[in-house]
Every structure is written in C-alpha cells, then in structure tokens.
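Undergrad: Got a sequence here, can you build the structure:
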Amino acid sequence: MSKRPWESSDNVSDFKRKRENHDTAPSKVIHVRNVSDGTREHDLIAAVTNFGKVSYVTLMPKNRQALIEFEQVESAINLMGYAKEHEINVNGRTAFFNYSVSTTIKRAGNVGEAYKEYGPNKVLLLTVLNPMYAITADVLHTICSRHGEVLRIAIFHKNGVQALVEYADSSQAGQAKLALDGADIYAGCCTLKIEFSKTDRVNVIVSNEESMDYTGGAPPGNPPHAGRGPLIGGAQGQYGGPGAAAAPGAGYNYHQPGPPTPYGGAAPPAAGTHGYGGGYGQQQHQPPQQYGGAAPYGPPAGVPPGGRNTEPGAVVMVYNLNPERINCDKLFNIFCAYGNVIRIKVFVKKLGSALVQMDRREGAANAIKYLNEASFMDQELALSFSHHSMIEDRGLVGKLPDDTPAVVDYSNSRNNRFQSAEQSRKNLMIAPPCTLHFFNAPPQSTEQDLQMVFSSAGAPAPASITIFPPKAPTAKTSGLMHWAAPPMALEAMAICNHTTLTPGGQAFTLKLAFSLSKLGGGPGASM
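TA: Predicted structure coming up:
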C-alpha cells in the first residue's frame with residue numbers, strides 16, 4: 001500500500017501481519033476471522049460479493065468465524081489479493097480473510113439435516129439482497145406458494161428488505177427454504193437469502209402490499225399497488241422461467257460490472273477533469289448523453305432532481321470519523337463532490353461511524369475510491385458499500401455532541417451538484433488535493449475576508465489565496481486556495497463549504513470544490 005508523504009511510512013498494521021501468518025494454498029472457500037457479534041450471512045455477502053458469485057456462507061458465531069464459498073477459485077484469489085493490502089469491514093469490524101483448507105462447505109443434504117442445523121419452524125426469514133425492484137407481499141406469495149400453503153407474509157425494513165413468511169407447517173417451510181435459498185427473483189437482482197425464523201407465527205394487523213393474511217384473518221387496509229402489478233413474469237425475467245439468472249440453489253448471483261474495486265465496489269466511471277466555467281481544465285471523458293439518462297452522473301432516469309429514489313448499492317458506510325467533531329453537514333460538504341447526497345446518518349451509539357446515501361451507485365463508488373484511507377480530522381477514513389439499500393426514516397432523531405441532528409435529509413438541497421448534465425460535467429473525480437477552487441463569494445471579497453471565514457469557524461486557514469480578476473465590479477468573487485497538505489484542505493472544505501456570508505444583508509453561499517491547479521499555474525477546478 002503506497003504511503004503519502006505527510007504520513008509515517010514505517011508502521012505495519014496488525015491486520016496485515018495477521019494475514020501474512022495464515023497463508024495457504026488457494027481455495028474457493030475463504031475462512032473469515034474476527035466476525036462481529038450479530039453478523040448475518042447477508043453482511044458477509046455484501047462485503048465480498050463483487051469479487052465473484054458466492055455459493056454458500058456458514059457462520060460460526062461462538063468462535064466469531066465464518067466460511068464463504070465462491071463459485072470460482074478465481075473469485076477467492078481476487079478477494080485475497082485485495083485483502084492483503086486493504087482492510088475489509090464486515091458489520092462494523094475489520095475482518096481477517098484466509099484461504100480455507102476445505103474445498104467446499106458442507107451443505108444440509110435434506111430437510112431433516114436442515115432442521116438439525118437451524119431447528120424446525122414453519123416461519124421463514126427472507127432477506128432480499130440487491131433489491132432493484134419493488135418487493136410486495138403478493139410477489140413473495142407468488143414465489144413461496146409453489147412450495148406449500150402460505151398463511152401470512154410481513155415485509156419489514158430493519159436490515160434492508162426482509163420478510164417473514166409463515167407456512168402451514170414446518171415441513172413445507174423446510175422444502176421452500178431448500179428450494180429458494182440463493183435464487184434470484186429477477187435476473188441478476190433481488191436475491192433470496194433464507195433462514196428459519198425464531199418466531200413461530202407472523203402477526204398481520206392490516207393487510208396491504210407489505211403485509212397480508214392469506215387466511216382472511218386480517219381486515220383489509222390500503223389496496224395493493226395496482227400501477228405495476230406483480231413483478232413476477234415481467235420483462236425483467238421471472239423466477240424459474242425465461243430470463244431468470246439463477247435456478248434454486250444456484251448461488252447468490254450478484255451481478256456487478258468490471259473487476260473488484262476497494263470494498264467490493266463496482267468499477268467507477270472514468271475520471272474527468274472538467275474545469276469550472278469558462279473552459280477551465282481539459283476534458284478526459286465523454287459527458288453524459290442526456291439529463292437523467294443512463295450516464296455516469298446526474299439523477300437516475302425518470303427521477304426528478306433531489307428526488308428520494310436511489311439506485312441499489314448507493315449507500316456508503318463510513319468508519320473512523322472523529323466523533324467529537326463530525327456532523328451530517330460536514331460529511332455532506334465533502335461527499336457532495338462525488339454525487340448527489342440523499343440522506344446522512346451519523347450513529348449516536350456506534351461512535352465514529354455514519355451512513356451516507358447517494359442517489360447513484362456511481363457516486364457511492366467514486367466516494368469510496370477517492371475518500372477511503374484519506375486523512376480527515378486526525379483520523380484515517382475507512383469506507384465501504386453498506387448492505388442497506390437506503391437510510392430509513394424512523395421518526396425520532398437523536399442529537400450529536402454539537403447539538404445538531406444525527407440524521408439529515410439532503411434530497412432537496414440546492415447544494416447538490418449533480419442536478420443536471422451541465423452541472424455534472426464540472427465536477428472532478430479525484431482524491432482530495434491541496435488546492436480548492438472557491439466561488440460564489442461576495443463581490444470584492446479580499447484575502448483577509450476569506451481568511452476570516454476559516455479562522456472564525458475553527459477550520460485550517462489556507463496558506464495562500466489567489467483571487468481571479470472579476471469580470472465586473474458586481475461580479476461574485478472566485479479563485480484558488482492552497483493548503484500545505486490534503487488533510488488540511490479536506491477538513492477546511494468539510495467545515496466551511498456552503499458557508500452563508502451576508503455582507504450588507506445580502507446572502508452568498510461560499511462554495512468550495514477540488515482543483516488540480518497549483519497557485520500560479522492557472523485555474524483548473526470543478527464546480
């Protein structure tokens with residue numbers, strides 16, 4: 001792992017030393033150690049899925065260990081190659097990965113053996129991985145009723161998309177588990193991970209699209225959504241029919257483009273160096289084809305700017321934050337450089353951790369690529385894709401040490417910078433640099449005025465400032481600011497980006513962005 005010039009180069013982390021002492025011959029089965037309490041199979045799958053298709057996972061919670069079996073040994077080799085140089089976090093803790101001496105994980109061969117492992121129960125817990133389409137009770141009923149009489153279904157969103165499915169008896173539930181575990185509802189997505197539930201009955205108070213009593217025992221609520229109808233049998237390919245990506249038991253079947261990138265992310269689009277306004281910088285990639293289209297930047301097709309819709313895999317888990325100094329706005333001020341931010345949650349009990357929900361997977365992938373291992377507020381950030389498909393709105397919001405809310409919605413923020421193709425082209429996809437481009441400052445702002453913005457906020461002040469000549473006396477002030485090291489510039493950006501300045505009673509929002517320029521070398525920055 002390359003070292004940055006402002007960091008110590010003589011430290012070897014414990015996790016790397018531990019890996020080096022456990023080398024063995026390559027196997028498609030990976031042994032995972034230091035698995036945190038409460039980790040589920042889907043947590044492990046989410047951490048490694050982009051290295052290859054996972055066939056099976058076994059947890060050994062008493063030993064804090066697990067086994068992961070890939071379909072191909074090359075997938076395991078890709079994972080180990082990455083894990084030798086990078087930490088991989090699973091459910092909030094750094095996990096250690098080694099090749100297993102086993103070549104396969106022993107499966108339960110029949111329903112009886114499955115009962116011995118999990119305990120018989122007529123209620124199944126379904127976790128839907130990579131939920132790219134809406135999952136309703138009727139969709140699950142269509143699938144599950146092929147293997148027995150389904151009595152009740154309840155969908156909930158505590159850990160992504162999950163559901164409880166109650167069968168008439170445990171034998172039918174066992175048959176359904178063996179038949180459906182690991183299958184895709186639609187081609188390449190909505191993969192089922194199934195376990196026996198600890199509860200023996202599903203309580204349905206009101207029947208609607210997310211909870212249904214098929215015995216007729218619950219009063220009707222809101223009618224099921226009729227606009228799209230059940231997704232089973234749609235153009236995306238149906239389970240067990242044409243276009244299905246996997247048959248029952250054929251593996252978890254996550255499909256992601258390109259080779260694995262840090263923390264299992266999909267390969268991000270090519271970086272660009274578009275200048276801010278007036279043709280600054282040079283173009284290095286093609287701009288999006290159209291606003292809202294299938295392009296690297298901008299909102300997903302059909303979603304209005306600032307809308308709540310989010311592509312699957314667009315939630316980032318952030319670790320190693322300074323819990324005494326971080327808040328949602330500071331995270332927004334740096335993540336907005338990589339894509340539109342929908343919502344941010346800073347954990348109150350899990351200190352130093354946060355979730356950032358972007359509107360596109362590409363934005364999340366770029367944030368992980370360029371911010372992972374970045375020095376920020378005296379900490380080294382660790383970023384990975386979260387297994388959550390979105391940050392849930394649960395009503396009550398806690399407070400952070402600075403008395404700001406722990407959850408903030410930015411879906412309608414005017415400070416999001418990827419609202420159109422034109423805006424998107426102006427953003428640089430780079431690691432935090434020493435130089436920031438500033439713009440939208442009040443007209444005729446001086447160096448002293450700008451230095452005061454940072455010093456009054458307790459942020460690192462720039463070592464030097466270059467102000468661009470204004471086009472008119474009333475034009476807003478823009479230019480470049482330079483710091484001695486990237487961590488100082490990144491902290492300054494987090495604290496002072498989008499600061500409101502009100503000289504003479506008129507409000508101006510100071511905006512900061514990454515720049516490739518060096519002072520005296522001409523401007524070249526993003527929007």
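Undergrad: if I pick the closest residue to residue 377 other than its chain neighbours, what's in contact with it?
TA: Nearest non-adjacent residue to residue 377, counting by CB to CB, 6 or more residues apart in numbering: residue 322, 4.2 Å away. Glycine gets a C-beta too; all of them are placed from N, C-alpha and C. Contacts for residue 322 (CB atoms under 8 Å, 6 or more residues apart in numbering) come out as 352, 376, 377, 378, 379.
Undergrad: Now the buried members of these.
TA: Buried positions within these, assessed by neighbour count (16 or more other CB atoms under 10 Å), are 352, 376, 377, 379.
Undergrad: Tell me if the residue nearest to residue 377 really is in a strand.
TA: No - Residue 322 is assigned coil when assessed by DSSP: H, G, I helix; E, B strand; the rest coil, not a strand.
Undergrad: List phi and psi for it.
TA: Here is the backbone geometry of residue 322 (degrees, to the nearest 10): phi -80, psi 110.
Undergrad: With residue 378 as the reference, measure out to the nearest residue to residue 375 once chain neighbours are set aside.
TA: The shortest distance from residue 375 to any non-neighbouring residue, by CB to CB, 6+ apart, is to residue 487 (3.9 Å). Distance, residue 487 to residue 378, using CB to CB, to the nearest Å: 8 Å.
Undergrad: Give me the residue ranges of this structure where confidence is low.
TA: 1-23, 42, 107-120, 132, 158-159, 217-312, 394-395, 518-527 (pLDDT under 70).
Undergrad: And the strands in the stretch 351-500 of the chain, which stretches?
TA: 354-358, 375-376, 379-380, 382-385, 407-409, 435-441, 464-467, 477-482, 499-501 (DSSP state E, counting those that start in this stretch).
Undergrad: Can you lay out those strands as TSV showing distance to residue 449?
TA: Formatted as TSV, those follow (distance: least, CB to CB, whole Å):
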stretch	distance to residue 449
strand 354-358	32
strand 375-376	26
strand 379-380	31
strand 382-385	35
strand 407-409	29
strand 435-441	8
strand 464-467	10
strand 477-482	9
strand 499-501	8
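Undergrad: Could you pull out the helices in the stretch 101-250 of the chain for me?
TA: 111-118, 137-144, 170-180 (DSSP state H, counting those that start in this stretch).
Undergrad: Now do the buried residues in the longest one.
TA: Yep, that's helix 170-180 we're talking about. 170, 172, 173, 174, 175, 176, 177, 178, 179, 180.
Undergrad: Could you do the second one as well?
TA: Judged by neighbour count (16+ other CB under 10 Å), helix 137-144 contains these buried residues: 137, 138, 139, 140, 141, 142, 143, 144.
Undergrad: hang on, the fourth one packs against residue 166?
TA: No - with contacts defined as CB atoms under 8 Å, residue 140 does not count as touching residue 166, sitting 11.4 Å away.
Undergrad: joint contacts of those two?
TA: What both residue 140 and residue 166 touch, as defined by CB under 8 Å, 6+ apart, is the set residue 153.
Undergrad: before we move on, back to that, from the buried residues of helix 170-180, which is closest to residue 480?
TA: residue 180 (57.6 Å; CB to CB).
Undergrad: how much space between that closest one and residue 215?
TA: 21 Å.
Undergrad: burial count for residue 461?
TA: 18 (other CB atoms under 10 Å).
Undergrad: likewise residue 85?
TA: 11.
Undergrad: and it, how far is that from residue 319?
TA: 17 Å.
Undergrad: go on, residue 453?
TA: In terms of CB to CB, residue 453 sits 30 Å off from residue 319.
Undergrad: likewise residue 128?
TA: Counting by CB to CB, the gap from residue 128 to residue 319 is 25 Å.
Undergrad: Out of the strands of the stretch 351-500 of the chain, which gets nearest to residue 106?
TA: strand 382-385 (29.5 Å).
Undergrad: in that closest one, what counts as buried?
TA: For strand 382-385, by 16+ other CB under 10 Å, it's 382, 383, 384, 385.
Undergrad: Out of those, which comes closest to residue 90?
TA: residue 384 (8.9 Å).
Undergrad: hang on, the closest one packs against residue 88?
TA: Yes - Residue 384 lies in contact with residue 88 (CB under 8 Å); the separation is 7.2 Å.
Undergrad: Quick one: end-to-end length of stretch 156-172, please.
TA: With CA to CA, to the nearest Å as the measure, stretch 156-172 spans 23 Å from end to end.
Undergrad: now what about it, what contacts it?
TA: Contacts to stretch 156-172, defined as CB under 8 Å, 6+ apart, come from residues 40, 42, 111, 115, 120-129, 131, 135, 137, 140, 144, 147-155, 173, 176, 197, 199, 201-202, 210, 387-389, 392.
Undergrad: quick one: residue 511 is in a helix?
TA: No - counting by three-state DSSP, residue 511 is not found in a helix; it is strand.
Undergrad: so can I have CSV of the helices of the stretch 101-250 of the chain showing distance to residue 59?
TA: Listed next are these as CSV, based on distance: least, CB to CB, whole Å:
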stretch, distance to residue 59
helix 111-118, 11
helix 137-144, 24
helix 170-180, 16
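Undergrad: Ok, which of these comes nearest residue 416?
TA: Going by CB to CB, the one of the helices of the stretch 101-250 of the chain nearest residue 416 is helix 137-144, 32.4 Å.
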